[in-house]
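Asker: Need coordinates for the below:
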Amino acid sequence: MGIVTRPSLFIKSLVFAVTICYINSMRTTSVRLADLDLNLLVALDAVFTERHVGRAAARLHLTQSAVSNALTRLRRHFNDPLVTRVGGAMTPTSLGLSLRPELTDLLARLRGFATRGAVFVPADSDREFRVIATDFISYVLIPLMIQKLEIEAPRIKMRMLPYSPFAIDQLTRGEADLCIGLLQDLGDSLPTENLYDEALTCIAGHKSPIRSDRVTPHEYSAARHAALIVGEGHINFLRGIDLPREVAIWLPNIGAVLEIVSQTDCIATISTYIAHRYRHRFKLRILAPPFKAWVMPVVMQHHRRMTSDLGLTWLRRQFIDAAKELRPPRRPGNAAAQTHKA
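Answerer: Numbering: from 1, shown residues only. This next block holds a predicted model:
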């Protein structure tokens, strides 16, 4: 009987010891979770996004010292600096880099959890949306959007972020809510909604030697051009068009392109919508280009984890409605009426 009893006592003792260890580990985990305030994670996400404590504080409507204190508590919790100053930016450490995608996903899920069953009221919301858009698209769509927000949601804010080749990565990391650009540049790896079709035309000022309403291939190649830089590279509007051109100046925004063309002999190849909207303000002539007008779909993309976000769903609908208000401009010249998909 003793041979049976000893193993039984041993097993009971082992189970008891394991149970005590489990209870203690749960207590430890509970304490660590209690130390990790959700607001601390929100502050960390803002620092990751802004790469600057002051800008993170402004984004969260907090003082800079409050965000600094949050970082101190997080560093103590993770036993890691999480971000370090490199030059003028707060750069994530290796642990910070590994935490960031999980943090972005966690906060997105928590926002979805917190708003489940809730109703988004645009007129009462003071949310700030971050939208990546190319410069020329901002000139076309954003004025219409601001007019709509003035009426329907005057407290909502939009932060426009410059387009770059890393726009999709910014959506994935949660640094932006929406990206608006050309389908040919963005691809279709994320949920995509069509807004409108863009096309190209040429513009010239009163100093341009081109006098007809159509640019010949020879005139196009001989002219000096003002061209637009988008993000970290030159916009690839003219892909597939076998016409050489001499770019006299690359400019960082479409407003500068319009100004240069209006005051010099340069011509430019730009959005048809922008050409027609600003022709009178800058005293420009719209010329039919020496190629078939390229139709380029302008699309809006968001990350899949944000599909059920009520506020973002509302904003996407506003952009779609604003795009419907765009009136397709009349293209100059007969040949320019021919179009094909890029």
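Asker: who touches L178 in this structure?
Answerer: F129, R130, V131, I132, L171, M300, Q301, H302, L312, L315, R316, F319 (CB atoms under 8 Å, 6 or more residues apart in numbering). Where C-beta positions appear, they are placed from N, C-alpha and C, glycine not excepted.
Asker: if you set the cut-off to 7 Å instead, what comes out?
Answerer: V131, I132, M300, H302 (CB atoms under 7 Å, 6 or more residues apart in numbering).
Asker: among the residues you listed, who's most crowded?
Answerer: Counting neighbours by other CB atoms under 10 Å, I132 leads the contacts of L178 with 26 neighbours.
Asker: what's around L284, how many residues?
Answerer: For L284, using other CB under 10 Å, the count is 23.
Asker: quick one: low-confidence parts of the stretch 201-342 of the chain?
Answerer: 230-241, 330-342 (pLDDT under 70).
Asker: Outline the domain layout of the protein.
Answerer: Listed domain ranges for the chain are 1-25, 38-115, 122-342 (source: automatic domain parsing).
Asker: Which parts of this structure are helices?
Answerer: Counting by DSSP state H, the chain has helices at residues 2-35, 38-50, 53-60, 64-78, 94-115, 135-152, 167-172, 183-186, 217-222, 254-263, 272-278, 310-324.
Asker: Rounded mean pLDDT for the longest one, please.
Answerer: Just to be clear, that refers to helix 2-35. Computed over helix 2-35, the mean pLDDT rounds to 50.
Asker: do the same with the third one
Answerer: Across helix 53-60, the average pLDDT comes to 88.
Asker: Now it: buried residues?
Answerer: Across helix 53-60, burial judged by 16 or more other CB atoms under 10 Å covers V53, R55, A56, A57, R59, L60.
Asker: what does the second one give?
Answerer: Along helix 38-50, these residues count as buried under the neighbour rule (16+ other CB under 10 Å): L40, L41, V42, A43, L44, D45, A46, V47, F48, T49, E50.
Asker: Tell me which other helices or strands that helix touches.
Answerer: Helices and strands touching helix 38-50, by 3 or more CB pairs under 7 Å, 6 or more residues apart in numbering; DSSP states H and E, are helix 53-60, helix 64-78, helix 94-115.
Asker: And the last one, by the same measure?
Answerer: Applying 3+ CB pairs under 7 Å, 6+ apart, we find helix 310-324 packed against helix 135-152, strand 192-198.
Asker: and that helix, how far out from the chain's middle?
Answerer: 15 Å (CA atoms, centre = their mean, to the nearest Å).
Asker: who touches that helix?
Answerer: 115, 118, 120, 122, 125, 127, 129, 141, 144-145, 148, 177, 193, 195-196, 300, 302, 306.
Asker: What residues of that helix count as buried?
Answerer: Residues of helix 310-324 classed as buried: L310, G311, L312, W314, L315, R316, Q318, F319, A322, A323 (neighbour count, 16+ other CB under 10 Å).
Asker: Looking at the helices and strands packed on helix 310-324, which is nearest to R100?
Answerer: strand 192-198 (24.9 Å; CB to CB).
Asker: average pLDDT across the closest one?
Answerer: 93.
Asker: what are the pairing partners of that strand, and which direction each?
Answerer: Strand pairing for strand 192-198, using DSSP bridges, gives strand 293-301 (antiparallel).
Asker: Show me which positions of stretch 193-204 end up buried.
Answerer: Buried-residue list, stretch 193-204, by 16+ other CB under 10 Å: L195, Y196, D197, E198, A199, L200, T201, C202, I203, A204.
Asker: distance of the fifth one from A275?
Answerer: Between A199 and A275 the computed distance is 10 Å (CB to CB, to the nearest Å).
Asker: With distance to G87 added, can I get the helices of the chain in TSV?
Answerer: As requested, the helices of the chain are exported to TSV (distance: least, CB to CB, whole Å):
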stretch	distance to G87
helix 2-35	32
helix 38-50	15
helix 53-60	14
helix 64-78	18
helix 94-115	16
helix 135-152	26
helix 167-172	20
helix 183-186	29
helix 217-222	43
helix 254-263	28
helix 272-278	36
helix 310-324	33
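Asker: Now do the contacts for the nearest residue to L161 once chain neighbours are set aside.
Answerer: Excluding the flanking residues, the one nearest L161 by CB to CB, 6 or more residues apart in numbering is I132, at 4.6 Å. Residues in contact with I132 (CB under 7 Å, 6+ apart) are L161, Y163, A167, Q170, A176, L178, C179, I180.
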